[in-house]
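>>> Any chance you can model this:
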Amino acid sequence: MITIKDIARLAGVSITTVSKVINNYPDIGQETREKVIKIMKKYNYSPNAIARSLSTSKSNSIGVFIHYHPSRGLHQFFFHEILFAMETNLGKQGYDFVYFSDLKWKRSCNYLAKCLNRHIDGAILMGISVDENLYELLQSDIPVVLLDLNLTGPNATYITSDNLFGAKQAVNYFKELGHQNIGMIGGLKDTFPTKTRTEGFLEEIKNNGMTTRDEWIIYTSYNEEGGYRAMTRMLKSRELPTAIFCHSDMIAIGAIKAIKDAGYSVPDDFSVIGFDDVEISTYINPGLTTVRQDSYSMGNQAANLLKTMMDNPAAKVEPIVLPVELVIRESCKKL
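Numbers count the residues shown, from 1 in each chain. This next block holds a predicted model:
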């Protein structure tokens, strides 16, 4: 079976270009468009036709793709609540969940082939990066909901939190407390949450006339170990910030441990803000100030979006951006 990747290779263009031709984007040159269409016709390629059989043969199964660390397992508490909400919602309606393990071991997989092989009715993707193989799934008839990845397709949509505003809230709170020199520990650099939280952070630093430096901006994994390593590295800088914005609570927890192990104190020497508001943030010492995103609502609404698309393929389903709020605890101090 020929794939969108094969079409791109034969036409000498990118996967994205083929996707744009399929969706009739206006920014593709006529010569390129005709070349791609000619190859598609030659090999009888139609992504919708490939998946159309699924719509007439229900399996009551939902495919779930999650990228997570192979040795640590599904360690992020944020994902647990999302999955619980989705399983509660769709499970009550008679759906089973099929968890695909490819992304546990590698950064990519053949999403469409996996869905077709298991005859799933719809797919949910979490914690993934943009992947050329992903476009093939997004061009198919299979209903898809992406979490924290702003891509759409003929039958695909997404749900995300307002990461940009959340980062700005964190920076503005530091400003209220009198901090001027701000560091940031981001998550995986090529993910949508990391990109948008970084954008909000840098934009508000500039708007407020505050200071950050290259050595104070470090990207790592979304876990405690990553936060610990990043903070240890930052502490080696010749000059240090007084406040740190972390892209997740688990990163923040690791960073706080590194600060304490180095003989410093939170919040006396460094103020720290996390992102997520996982349950453990309330119980660590000091309690973690963080940007709360409603993970249960995200999972529940993702399930509702997917169910709408599975029940009515012609339905117009818009992406959802959920609000966030700053939760103030004890990990920040006024200068």
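
>>> for the residue lying closest to residue 284 once chain neighbours are set aside, phi and psi?
Closest residue to residue 284 apart from its sequence neighbours, by C-beta to C-beta, 6 or more residues apart in numbering: residue 253 at 6.1 Å. The C-beta positions use only the backbone N, C-alpha and C, and glycine is treated the same way. Torsion angles at residue 253 (phi, psi; degrees, to the nearest 10) stand at phi -60, psi -40.

>>> Could you pull up the contacting residues of residue 253?
Contacts for residue 253 (C-beta atoms under 8 Å, 6 or more residues apart in numbering) come out as 224, 227, 274, 280-281, 284, 288.

>>> what's the pLDDT at the nearest residue to residue 305 once chain neighbours are set aside?
With sequence-adjacent residues excluded and distances taken as C-beta to C-beta, 6+ apart, residue 305 is closest to residue 145, at 5.0 Å. At residue 145, the model reports a pLDDT of 97.

>>> who's in contact with the closest residue to residue 262 other than its chain neighbours?
Nearest residue to residue 262 in three dimensions, chain neighbours excluded: residue 235, at 5.3 Å (C-beta to C-beta, 6+ apart). Applying C-beta under 8 Å, 6+ apart, one finds that residue 235 lies in contact with 258-259, 262, 264.

>>> Can you flag the buried ones in those residues?
Those of the contacts of residue 235 that meet the buried threshold are 258-259, by 16 or more other C-beta atoms under 10 Å.

>>> I'd like to know how far the most far-flung residue of the chain relative to its centre sits from residue 35.
Within the chain, residue 42 marks the point farthest from the mean C-alpha position, 36.9 Å out by C-alpha atoms, centre = their mean. Here residue 42 is placed at a distance of 11 Å from residue 35 (C-beta to C-beta, to the nearest Å).

>>> How about residue 58?
According to C-beta to C-beta, residue 58 and residue 35 sit 38 Å apart.

>>> The two: which has the busier surroundings?
Comparing residue 58 with residue 35 by other C-beta atoms under 10 Å, the one with more neighbours is residue 35, at 17 against 11.

>>> Confirm for me that the more buried one is in contact with residue 8.
No - assessed by C-beta atoms under 8 Å, residue 35 is found out of contact with residue 8, at 11.0 Å.

>>> Then the residue nearest to residue 305 would be within a strand, right?
Yes - assessed with DSSP: H, G, I helix; E, B strand; the rest coil, residue 145 lies in a strand.

>>> quick one: the closest residue to residue 318 other than its chain neighbours and residue 136, what's the gap?
Nearest residue to residue 318, sequence neighbours excluded (C-beta to C-beta, 6+ apart): residue 157, at 6.9 Å. According to C-beta to C-beta, residue 157 stands 17 Å off from residue 136.

>>> Equivalent analysis for residue 9, please.
13 Å.

>>> Of those two, which one has the most company?
For residue 9 and residue 136, the more surrounded residue by other C-beta under 10 Å is residue 136, and the numbers stand at 25 against 14.

>>> State the pLDDT value of that one.
pLDDT recorded at residue 136 is 85.

>>> contacting residues around it?
3-5, 47, 110-112.

>>> Cross the residues you listed against helices and list the overlap.
Judged by DSSP state H, those include 4-5, 47, 111-112 as members of helices.

>>> what's the closest of those residues to residue 306?
residue 111 (15.1 Å; C-beta to C-beta).

>>> How about the closest one: what's its closest non-neighbour residue?
residue 137 (4.0 Å).

>>> Next, count neighbours for that neighbour.
27.

>>> Pull the distance from the helix or strand where it lies to the chain's centre.
Using DSSP states H and E, residue 137 falls within helix 134-138. When C-alpha coordinates are averaged (C-alpha atoms, centre = their mean, to the nearest Å), helix 134-138 and its chain have centres 16 Å apart.

>>> Could I have the CA atoms of that helix written out in PDB?
Output of helix 134-138 as PDB, limited to C-alpha atoms (Å, rounded to 0.1, in the frame of the first residue of the first chain):
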ATOM      1  CA  LEU A 134       1.200  11.900  11.400                       C
ATOM      2  CA  TYR A 135      -0.100  13.700   8.400                       C
ATOM      3  CA  GLU A 136      -1.300  10.500   6.800                       C
ATOM      4  CA  LEU A 137      -3.500   9.800   9.700                       C
ATOM      5  CA  LEU A 138      -4.800  13.400   9.800                       C
END
